[in-house]
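>>> just coords:
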């Protein structure tokens, strides 16, 4: 039987790799594509989206170039409108094309808060929306070009190649034009710039004197189908973008998936959803782009129901990572980065005989969508494995020195990750989502290890590195000689309970490298009512 997780470590020239595979075939997901559960007649229906390559249409005549804006201002001056003078106009931004040489440079651009980059040019029509784009002039396996508008005083990193495309003037971002009169002038200026460049789809039908066009806050709701709950749930924490030409507004979805931009637009905007956060990001490959979904160009709210497919898989990786990085984890340590930067979760749209791999010191975590029988994992299993892999990172960072991780036995490493996986997934699906006995000893639905029966049926003949040890330190159920459906009777005499994972992580785990070592520190930190003899009895089964 293959281990669910196998581990190595990168230190100096060594690399930490954790590989995971399910113990038994999983039941196929036969529910099909669910329909929306929305019942409100006033809420816009979810907008369909497409998985696949984004396809560009024709190149547009850019109305925001400094030359075009000067021309538009001159025409307004000829009409007696002279709030701005063409002769005095200076560029507010530069439109640039970045050419990152590797994933490190791409990550640097992605996390630069002074700008928002896109993997496709911003002065083209989008003919077909999608969630992938790679410049056709570049060979496969390279980072594609990225585009952004940066302020004119932006200081470029000389190590990252870039190409200057054009100087821009963006009147919507000119802070001197904020009065009501100025805003009416901005509407007139934009109208003129759009018309003279042939961008009639962006023009305003009628502009009244001293009455600027009404603005709106882009927003909407993002939900994902959960195969365990059999319902849509909010997708919390994703980066929602609303873009008009070179200006992007951002918002984060809340617990229910709702979002609304603080800033406003007047005309339709291009929506998009990005699976990224300040501390982590989800990608398809190491050198691939941040996972994203391109949305429509519209004024109305953009609602999305992610019902099936690769994007649903990504969404549940994001959920597990978001909980560990930002949600309630009962006092456990948050993931950290040894070299700084973000944790990278790679969502493999592939069939593997492992479920997850962790390159701990980097840290890079890989999760696969299908098991070795080509059956897609359920939502809670994807969430659960994401938690397991992330806990290896927190364990590594919690030790007194990086080299210490080499000394920790596989049994301690994997049993700890198993305990964290079980506990946080139980918090998510029992406490937060309402499945009454999820992860308890009497939970019989065919969910994968370790949440089915809370791994109470474990015995030495099972995978020896992936034990119920830390689960048994927490729970108050003794599985000894108890029967479990389709499994042998419980073989571990567990009279120990009352430990807390957070206490174990801070007071015990940093000092533990093997089982005997664990026993000593458990006795030093035992809860009231637990005896040394009970600890010895429990550990004797491992």
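Yes, it's here. Since the model is a prediction, treat every value here as computed from it, not as a measurement.
>>> domain map for the chain?
As given by automatic domain parsing, the domain ranges for the chain are 6-31+311-539, 57-202.
>>> those: lowest mean pLDDT?
Note on those: domain 6-31+311-539 shows the lowest mean pLDDT, a mean of 86.
>>> what about that domain, distance to the chain center?
Domain 6-31+311-539 sits 20 Å away from the centroid of its parent chain (Cα atoms, centre = their mean, to the nearest Å).
>>> residues near residue 267, how many?
Neighbourhood size, residue 267 [other Cβ atoms under 10 Å]: 18. Using the backbone N, CA and C atoms, a C-beta is placed for each residue, glycine as well.
>>> mind checking the backbone torsions on the nearest residue to it once chain neighbours are set aside?
Spatial nearest neighbour of residue 267, excluding adjacent residues (Cβ to Cβ, 6 or more residues apart in numbering): residue 202 at 5.6 Å. When quoted as degrees, to the nearest 10, the phi and psi of residue 202 stand at phi -100, psi 0.
>>> for residue 300, same thing?
Dihedral angles for residue 300 - degrees, to the nearest 10 - are phi -70, psi 160.
>>> that one and residue 241, how far apart?
Here the criterion is Cβ to Cβ, to the nearest Å. By it, residue 300 lies 16 Å from residue 241.
>>> looking at those two, which is more packed in?
Using other Cβ under 10 Å, the more surrounded residue of residue 300 and residue 241 is residue 241, with 22 against 14.
>>> OK, contacts around residue 111?
Contacts for residue 111 (Cβ atoms under 8 Å, 6 or more residues apart in numbering) come out as 278, 341-342.
>>> nope, residue 56 is what I was after
120-121, 124-127.
>>> name the SS class of it, please.
State at residue 56, reduced to three classes by DSSP: H, G, I helix; E, B strand; the rest coil: strand.
>>> tell me the secondary structure at the closest residue to residue 352 other than its chain neighbours.
Spatial nearest neighbour of residue 352, excluding adjacent residues (Cβ to Cβ, 6+ apart): residue 368 at 4.3 Å. Classification of residue 368 by three-state DSSP places it in strand.
>>> hmm, residue 368 is touching residue 353, no?
No: with contact defined as Cβ atoms under 8 Å, residue 368 does not count as touching residue 353 (9.2 Å).
>>> which one's more surrounded, the two?
Neighbour count, other Cβ under 10 Å: between residue 368 and residue 353, residue 368 has more, with 25 against 13.
>>> for stretch 460-471, how far is the first residue from the last?
From its first residue to its last, stretch 460-471 covers 15 Å (Cα to Cα, to the nearest Å).
>>> give the buried residues for that stretch.
462-463, 465-471 (16 or more other Cβ atoms under 10 Å).
>>> swap in stretch 160-167?
160, 162, 165-167.
>>> from those, which is closest to residue 73?
Among the buried residues of stretch 160-167, residue 167 lies closest to residue 73 (Cβ to Cβ), at 14.6 Å.
>>> look up phi and psi at that closest one.
Torsion angles, degrees, to the nearest 10, at residue 167: phi -80, psi 140.
>>> how about the one 4 residues further on?
Summarising the backbone geometry of residue 171 under the convention degrees, to the nearest 10, its torsions are phi -60, psi -30.
>>> residue 147 now?
Dihedral angles of residue 147 (phi, psi; degrees, to the nearest 10) stand at phi -120, psi 150.
>>> just checking, it touches residue 100?
No: counting by Cβ under 8 Å, residue 100 is not a contact partner of residue 147; they are 11.9 Å apart.
>>> how about stretch 369-387: buried residues?
Buried, per 16+ other Cβ under 10 Å, within stretch 369-387: 369-371, 375-387.
>>> from those residues, which land in helices?
Those of those mapping onto helices are 379-387, per DSSP state H.
>>> dump the residues you listed to CSV, plus distance to residue 349.
Listed next are those as CSV, based on distance: Cβ to Cβ, whole Å:
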residue, distance to residue 349
379, 16
380, 19
381, 16
382, 12
383, 17
384, 19
385, 15
386, 15
387, 21
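>>> please identify which pair of those residues lies farthest apart.
379 and 387 (12.9 Å).
>>> still on that earlier bit, now do the same contact list for the residue nearest to residue 267.
63, 190, 194, 267-268.
>>> the stretch 101-250 of the chain: helices as residue ranges?
Here the stretch 101-250 of the chain has its helices, by DSSP state H, counting those that start in this stretch, at 103-110, 180-196.
>>> show me what the last one is packed up against.
Helix 180-196 makes packing contacts with helix 66-78 when contacts are defined by 3 or more Cβ pairs under 8 Å, 6 or more residues apart in numbering; DSSP states H and E.
>>> got the contact list for the helix it packs on?
In this structure, residues lying in contact with helix 66-78 by Cβ under 8 Å, 6+ apart are 61-63, 82, 84-86, 89-91, 166-169, 171, 185, 188-189, 192-193, 196-197.
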